[in-house]
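1. Show me the folded form of this:
(chains A and B)
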Amino acid sequence: MSITTIMGLYVFALAIFVGWQVISKVPHLLHTPLMSATNAISGISLVGSLVAAGSDHGMITTILGTIAVTAATINVVGGFLITDRMLKMFKKRPEVVK
Amino acid sequence: MNAELNTTIIVVSYLAASILFILGLQQMGKTETARRGIRLAEVGMFLAVIGTLLDHQIVSYHWIAIGIVVGSAIGTAMGLLIPMVKMPERIALSHAFGGLAVALVGVSEYLKHGVHIDQLTMAATGFEVFLGSLTFTGSLMAFGKLQGVLPGRPITWPLQNVMNMVGVVAAVAGVLFMINDPSQAVVFYAILGAGTVLGITLVLPIGGADMPVVICLLNAYAGLAASATGFALGNNVLIICGALDGGSGIILGLMMSKAMNRSFSNVLFGAVGGTTEAAPAAGAPGAGIPSSANVGTIEDAADVLSAARSVIIVPGYGMAVSQAQHAVRDLANALIANGAEVRYAIHPVAGRMPGHMNVLLAEANVPYDQLFDLDSINDDFASTDVAIVVGANDVVNPAAKTQTSSPIYGMPILAVDQARTAIVFKRSFNPGFAGIENELFTKSSTMMVLGDAKKSVASLTQAVKGGEVKHAA
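-> Residues are numbered from 1 along each chain as shown, chains lettered A, B, ... in the order given. The predicted structure follows:
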């Protein structure tokens, strides 16, 4: 195994651990926004799509890459917008109402 | 700019993005800081994209620009226009987009390297394409079931679990084969095909009410596929995001299964769920009422509620279907104005995705400090005057506690049956997803109000308000 792969496995294992710690602390209340947010973040596959669409490895690669860029961008832009729209709605009881 | 500087900028931007994503998710743990968390994640995404654009492999920005413009236009439209009730459908659809992007990147990777692909990249690319295509079609099936395009009931056929198992084994064998001989493009596309077919055949047998778990699982697959992409491209930010996404999907899926007292595998392979959907407009409301049921009018319910000091509202999928959340909020406000204490009890699997009810009630401006989890409110039902059930069924069925033969036996339920009075809004006496009778509906302390939840709740609100005015006058 190359050193890159070994480092990749390190990163993967640690990220799973950190993710588990962070995500299990999110309350039930926010589970839908959480899903929507992780969905937007997983749109990071955009970085792979960008290279595929912009590099010069033949027309098919470019076409597939462009479709992938489009799909990933929909997730990033739509995901962040809708998560924020949801979170904006979560309000506490106004102090004046007793 | 020289290549070395570019590489440094890319690496630093990815590192910053990874840190910002983790911090962002951490801030999602509290309602007060959640929006700030989203901002951090947005900045991270922006940095990662800008960094990537400096990659020396990119020679033309023409097609990238087109993809980003089209994707942003569609994404903005979806982000701003999709109503909150359609959130499970949107999440399913976005998993489909994510799976599609990953699968296509995998194919283009294979085309790029051809036979010169090294073994490890081949292995990662193989799994990437398999999981990506499986997530794509699986999510489309989930979307179809949620949207009602496909029947919500489980679609089963002989030997389906055996067939699916064979499919998975064949795909893994295909990946192993490709590692040894990457020149066989046919095998590579067979892996893609296997993922595409398995996405369909794995999700079709799962009932509509089990969709919360399926959505979580597809989330996990999408994440693992993204991690595989990271290994194929040697890209750490992809590995990290995939791990975060995959981990979150698995955690939420396990929580959902636990809240139904069922194992992950029972949900995925058990094909549970007879009559899933509360078939709207099927027959006249009130058809087939058991004689022992105590059916009340709006006025009867208003009388009970006018005297109530403490009320707990239990929303379910029926509230989402009839979009009754605003009407429910109005009723709660009328009761509060009447001097009652009103709280909401949210079962973890109420609705079609984790946290579904919370989002709908937040949309209707219900303050989140009125919403309570099963664990924090369940002991209070016994000392509550009235529990109002709006479109929930299985999550309040006492059979889960008493009948060992029941398919939902052992599932933690909201103890609505212990409240002094339970008012249940229901379209008809159709059984819930497990197709079982609910003895709560025929209990002497239960009053059934039949009809469309939104309309009934709205007229009840009027009656409560009217009654109060009359008393005051």
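2. Could you find the residue nearest the spatial middle of chain A?
-> Centre of chain A computed as the mean C-alpha position; nearest residue by Cα atoms, centre = their mean is residue A:41, 1.4 Å away.
3. Give me the nearest residue to residue B:360, chain neighbours excluded.
-> Nearest residue to residue B:360, sequence neighbours excluded (Cβ to Cβ, 6 or more residues apart in numbering or on different chains): residue B:325, at 4.4 Å. All C-beta atoms are positioned from the backbone trio N, CA, C, and that covers glycine.
4. do residue B:19 as well
-> According to Cβ to Cβ, 6+ apart, the nearest residue to residue B:19 is residue B:44 (7.6 Å).
5. Could you identify the helix or strand that succeeds the helix or strand encompassing residue B:216?
-> Assigned by DSSP states H and E, residue B:216 falls within helix B:211-233. Next along the chain after helix B:211-233, taking DSSP H and E as the criterion, comes helix B:236-259.
6. Can you give me the buried ones in that next one?
-> B:236-253, B:255-257, B:259 (16 or more other Cβ atoms under 10 Å in any protein chain shown).
7. Measure how buried residue B:168 is and give me the count.
-> 16 (other Cβ atoms under 10 Å in any protein chain shown).
8. Against chain A, how distant is it?
-> Separation of residue B:168 from chain A (Cβ to the nearest Cβ, to the nearest Å): 22 Å.
9. now that residue: how far from residue B:157?
-> 17 Å (Cβ to Cβ, to the nearest Å).
10. same question, residue B:201
-> 9 Å.
11. Same drill for these two, tell me which one is more crowded.
-> Comparing residue B:201 with residue B:157 by neighbour count (other Cβ under 10 Å), the higher total belongs to residue B:201, at 18 against 9.
12. before we move on, back to that, identify the residues contacting the residue nearest to the centre of chain A.
-> A:79, B:21, B:24-25, B:41, B:44-45, B:241, B:244-245 (Cβ atoms under 8 Å, 6 or more residues apart in numbering or on different chains).
13. In helices, which of those fall?
-> A:79, B:21, B:24-25, B:41, B:44-45, B:241, B:244-245 (DSSP state H).
14. of those residues, closest to residue B:222?
-> Distance to residue B:222 across the ones in helices among the contacts of residue A:41 (Cβ to Cβ) is lowest for residue B:245, with 6.3 Å.
15. residues contacting the closest one?
-> Applying Cβ under 8 Å, 6+ apart, the residues contacting residue B:245 are A:38-39, A:41-42, B:219-220, B:222-223, B:226.
16. Give me the pLDDT for it.
-> pLDDT for residue B:245: 91.
17. got a winner among the ones in helices among the contacts of residue A:41 for most neighbours?
-> residue B:245 (35 neighbours).
18. how about the nearest residue to that residue, chain neighbours excluded?
-> In space, residue B:245 is closest to residue B:223, 3.1 Å off (Cβ to Cβ, 6+ apart).
19. surely the one you found meets residue A:42?
-> Yes: counting by Cβ atoms under 8 Å, residue B:223 touches residue A:42, with 5.9 Å between them.
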